[in-house]
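# Below is the sequence, then the predicted model.
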Amino acid sequence: MSLATFSTQAIGQAAAAEVVRVGVLKFGTVSWELDTIKRHKLDEKHGITVDVQEFAGEDATNVALMAGAVDVIVSDWLWVSRQRATGIDLTFVPYSTAVGAIMVPPDSPIKNLGDLTDKKIGVAGGPLDKNWLLIQAMAKKDYSRDLAKTNTIVYGAPPLLTEKVQQGELDAVLNFWNYCARLEAKGFRRLTGGHEAAAALGASGPIVALGYIFHEAWGKAHPSAIDGFVAASADAKALLESSDDEWKMLAPMLRGDESEQKVMRDRYREGIPKRPPAEAEKDAETLYSVLATIGGEDLVGSSKELAPGTFWGAE
């Protein structure tokens, strides 16, 4: 091969490698997958370059996406649908079905949602957290319990609530999935979670909790970029699902002791989406109406139905 031929090919390959700027929370669980992509050069394999940009909070990632400072972030389909209802062309590719759960101490007498009366419950994510709303709806349906009215609800950050429940200051805690995994490793019991609540309210399978979000116009203008990114993400998930050695490489990012890391590994694997996007979208449509009724405009805005196009390529 001549030098000129080699140079021409190198230039062509460089031009084909579109940059995908991904905004993530610093220390967030999405970083595990992105680290795997970069470490194994899975982005290069699929003709792209992933540029990971870290932010301090979810609001900052949202602003960055809206301002065009990043191409992709991670959030939920509720937020995407709300934005689409106002004319903003966001769309969503499923990333994880891992959801939070209500956890109780190992020796707690609480056996089901019907036992949650006059208890002190910690709730991460605030009063409009979708898991909290779904679990409230399930409690009303199956146990005739209004959890928000018959209990003392304490809203707070996930790490703080995790500490409070371990110190005995809370009877139960609804936390994000990775904090639930840490508690599970310490012997806490899972009372019920978002999947059980969703199934009780009409979902046909594991609901998608989070997804990669981007502007539809960007996806259509850069099809090779989004296709390459989705393919790299799938490859990373396959590695993390099949190889325990990959998790040893991620240990510094996971933090916690070995038992916590093993439970987080297992729960992450359980959260890898397996269903076609169209099925996930159908369940999202079913649950959206429930959430809209409970959360009202504060949660979903003016739209009472999941906005068409919320799920990318689900048709």
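Okay, I see it. Numbering: from 1, shown residues only.

# list the buried ones in stretch 291-311?
Neighbour-count burial for stretch 291-311 flags 291, 292, 294, 295, 299, 300, 301, 306, 307, 309, 310, 311 (criterion: 16 or more other CB atoms under 10 Å). C-beta: built from backbone N, CA, C; applies to glycine.

# CA atoms of that stretch as PDB?
Provided in PDB are the C-alpha atoms of stretch 291-311 (Å, rounded to 0.1, in the frame of the first residue of the first chain):
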ATOM      1  CA  LEU A 291     -49.200   9.100  36.100                       C
ATOM      2  CA  ALA A 292     -51.000  12.000  34.400                       C
ATOM      3  CA  THR A 293     -54.000  11.400  36.700                       C
ATOM      4  CA  ILE A 294     -51.900  11.200  39.900                       C
ATOM      5  CA  GLY A 295     -49.200  13.800  39.100                       C
ATOM      6  CA  GLY A 296     -51.300  16.200  37.100                       C
ATOM      7  CA  GLU A 297     -49.800  19.000  35.100                       C
ATOM      8  CA  ASP A 298     -46.900  19.400  37.500                       C
ATOM      9  CA  LEU A 299     -45.600  16.000  36.200                       C
ATOM     10  CA  VAL A 300     -46.800  15.800  32.500                       C
ATOM     11  CA  GLY A 301     -47.700  19.300  31.500                       C
ATOM     12  CA  SER A 302     -50.800  19.800  29.400                       C
ATOM     13  CA  SER A 303     -50.700  16.500  27.600                       C
ATOM     14  CA  LYS A 304     -52.800  13.700  28.900                       C
ATOM     15  CA  GLU A 305     -51.300  11.100  26.600                       C
ATOM     16  CA  LEU A 306     -47.700  10.000  25.700                       C
ATOM     17  CA  ALA A 307     -46.600  12.200  22.800                       C
ATOM     18  CA  PRO A 308     -46.200  10.400  19.500                       C
ATOM     19  CA  GLY A 309     -42.500  10.000  18.600                       C
ATOM     20  CA  THR A 310     -41.400   9.800  22.300                       C
ATOM     21  CA  PHE A 311     -39.700   6.500  21.500                       C
END
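
# Among the buried residues of stretch 291-311, which pair sits farthest apart?
Put simply, by CB to CB the two of the buried residues of stretch 291-311 set farthest apart are 294 and 309, 24.1 Å from each other.

# Find the residue at the geometric middle of the chain.
Note on the chain: the residue nearest the mean C-alpha position is residue 210, at 3.0 Å, using CA atoms, centre = their mean.

# I'd assumed residue 73 was in contact with it.
No. Contact between residue 210 and residue 73 fails when scored by CB atoms under 8 Å: they sit 10.2 Å apart.

# If we go by neighbour counts, what in stretch 47-61 is buried?
Buried residues in stretch 47-61, counted by 16+ other CB under 10 Å: 47, 48, 49, 50, 52, 55, 60, 61.

# for stretch 28-42, that is, sorry about that
Buried, per 16+ other CB under 10 Å, within stretch 28-42: 28-38, 40, 42.

# who touches that stretch?
With contacts defined as CB atoms under 8 Å, 6 or more residues apart in numbering, stretch 28-42 is touched by 22, 24-25, 43, 50, 52, 54, 74, 95-96, 178, 232-233, 235-237, 239-240, 246, 249-250, 253-254, 268.

# After the least confident helix or strand in the chain by mean pLDDT, which helix or strand is next?
Ranked by mean pLDDT, DSSP states H and E, the weakest helix or strand in the chain is helix 3-16, scoring a mean of 49. Toward the C-terminus, helix 3-16 is succeeded by strand 18-25 as the next helix or strand (DSSP states H and E).

# Which residues does that next one contact?
By CB under 8 Å, 6+ apart, strand 18-25 touches 30-31, 34, 43, 47-58, 60-61, 64-65, 69-74, 212, 222, 224-226, 228-229.

# what do you get if the cut-off is 7 Å, keeping everything else the same?
Strand 18-25 is contacted from outside by 30-31, 34, 48-55, 57-58, 61, 64-65, 70-74, 222, 224-225, 229, using CB atoms under 7 Å, 6 or more residues apart in numbering.

# With stretch 105-116 instead?
104, 138-139, 142-143, 145, 147, 151, 171-172, 187-189, 191-192.

# confidence score at residue 314?
pLDDT recorded at residue 314 is 58.

# ok, the residue lying closest to residue 93 once chain neighbours are set aside to residue 33 distance?
Among residues not flanking residue 93 along the chain, residue 212 sits closest, at 4.6 Å (CB to CB, 6 or more residues apart in numbering). Relative to residue 33, residue 212 is positioned 10 Å away (CB to CB, to the nearest Å).

# which pair in the buried residues of stretch 28-42 spans the largest distance?
Pairwise distances across the buried residues of stretch 28-42 peak at 19.8 Å for 28 and 40 (criterion: CB to CB).

# about what we covered before: ok, of the buried residues of stretch 291-311, which one's closest to residue 285?
Closest to residue 285 out of the buried residues of stretch 291-311 is residue 306 (4.6 Å), distances taken as CB to CB.

# Pairing partners for residue 91 in the sheet, please.
residue 214 (DSSP bridges).
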